[in-house]
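> what follows is a predicted protein model with its sequence.
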Amino acid sequence: MAGMRSIRARREESFFRRLFSRIRVLECDLKAVEESSNIAIKLAKIGREINALDILIAGIALANGVEKIATKDKHFREIEKVADIKVITY
């Protein structure tokens, strides 16, 4: 059984190495945290509580020059009201 797990783990590692070598992963740096903080403050001012991870995702996107976010998460519509980012929900 341990051998099967090892094979599966190697396959998963290989998959993720290929995946992340092909896509751009946005960093969470000081600029992203500052953008996130600004979003949180603006949301608080209009009385909206949003999941902190959603705010962080939006902050990272803004800090990296992303103009649009496509998501099923309706919370991003609230973020769109206070941040300079277009949200496409599906």
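In hand now; what should we look at?

> stretch 37-46: which residues count as buried?
Ile39, Ala40, Leu43 (16 or more other CB atoms under 10 Å). C-beta here means a position set from N, CA and C on the backbone, and glycine is covered the same way.

> need the pLDDT of the residue nearest the centre of the chain.
Central residue of the chain (CA atoms, centre = their mean): Ile57, 2.9 Å from the mean position. For Ile57, the model assigns a pLDDT of 97.

> list the residues that contact the residue nearest to it when sequence neighbours are not counted.
Closest residue to Ile57 apart from its sequence neighbours, by CB to CB, 6 or more residues apart in numbering: Ile69 at 7.6 Å. With contacts defined as CB atoms under 8 Å, 6 or more residues apart in numbering, the neighbours of Ile69 are Ile57, Ala58, Ala61, Phe76, Ile85, Lys86, Val87, Ile88.

> so which of those residues belong to strands?
Lys86, Val87, Ile88 (DSSP state E).

> now the strands for this protein?
68-71, 86-89.

> redo the ones you listed as JSON lines? Include distance to Arg18 and mean pLDDT.
Formatted as JSON lines, these follow (distance: least, CB to CB, whole Å; pLDDT from 0 to 100):
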{"stretch": "strand 68-71", "distance to Arg18": "23", "mean pLDDT": "96"}
{"stretch": "strand 86-89", "distance to Arg18": "27", "mean pLDDT": "96"}
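
> among the ones you listed, which comes closest to Arg22?
Arg22 lies closest, by CB to CB, to one member of these: strand 68-71, at 18.5 Å.

> Glu80 contacts Val87, doesn't it?
Yes: applying CB atoms under 8 Å, one finds Glu80 in contact with Val87, separated by 4.3 Å.

> my read: Asp54 touches Asp73, true?
Yes: counting by CB under 8 Å, Asp54 touches Asp73, with 6.3 Å between them.

> let me see the ranges of the helices in the chain.
2-22, 30-45, 52-63, 75-82 (DSSP state H).

> rank the ones you listed by pLDDT, which is bottom?
Among the helices of the chain, helix 2-22 carries the lowest mean pLDDT (a mean of 86).
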